[in-house]
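A.B. asks: Okay, here's the prediction I keep looking at, along with the sequence it came from:
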Amino acid sequence: MNGNEIDMRMFAQRTGASMTYPAGSIVFTKGDPGSCMYIVQAAVLEMVIGDKVIEVCGPNEAIGFMSMIDGAPRSSTARVKEACELSLIDQRKLRFMVDEVPNFALYIMGAMARRIRGMSQAM
């Protein structure tokens, strides 16, 4: 995390339900409806399309937010590489964060830009 990024873990932990997943488990699958997003508190997840890992996500990274924004099904599968803890953010909490948390929209746009660039490089 560089000096221009914000650490959403503490805020997400206070507002979202905390969930743990063992290594090898699936958080969501490509094509699933997207009713929530997650902030990675600890460990590592892989974003997968087919058999190809398109991104590796670690602490303070958001996953599952694209479906929350556009209402489309999940575009990839989130597979747990190491046992992890995630904070779940539902639509109401997402709206609150966009409205009330300084820099949250920039945080999500930055994550989206990194994801798009990563997908381009992976293909």
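C.D. replies: Nice, I can see it. Numbers count the residues shown, from 1 in each chain.
A.B. asks: Show me where this structure dips below the pLDDT cut-off.
C.D. replies: 1-6, 16, 119-120, 122-123 (pLDDT under 70).
A.B. asks: just the helices in it please.
C.D. replies: Assigned by DSSP state H, the chain shows helices spanning 9-15, 65-70, 91-100, 104-122.
A.B. asks: For the last one, name the packing helices and strands.
C.D. replies: This points to helix 104-122. With contacts defined as 3 or more C-beta pairs under 8 Å, 6 or more residues apart in numbering; DSSP states H and E, helix 104-122 has these neighbours: strand 52-57, strand 62-63, helix 65-70, helix 91-100. Every C-beta, even on glycine, is put in place using the N, C-alpha and C of the backbone.
A.B. asks: Between the ones you listed, which one is closest to residue 32.
C.D. replies: For those, the distance to residue 32 is smallest for helix 65-70, at 8.1 Å, taking C-beta to C-beta.
A.B. asks: could you dump the closest one to CSV, C-alpha only?
C.D. replies: What follows is helix 65-70, C-alpha atoms only, in CSV (Å, rounded to 0.1, in the frame of the first residue of the first chain):
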residue,chain,number,x,y,z
PHE,A,65,-17.6,-4.8,-6.0
MET,A,66,-18.2,-4.7,-9.8
SER,A,67,-21.5,-6.7,-9.4
MET,A,68,-22.6,-4.2,-6.7
ILE,A,69,-22.0,-1.3,-9.1
ASP,A,70,-23.6,-2.6,-12.3
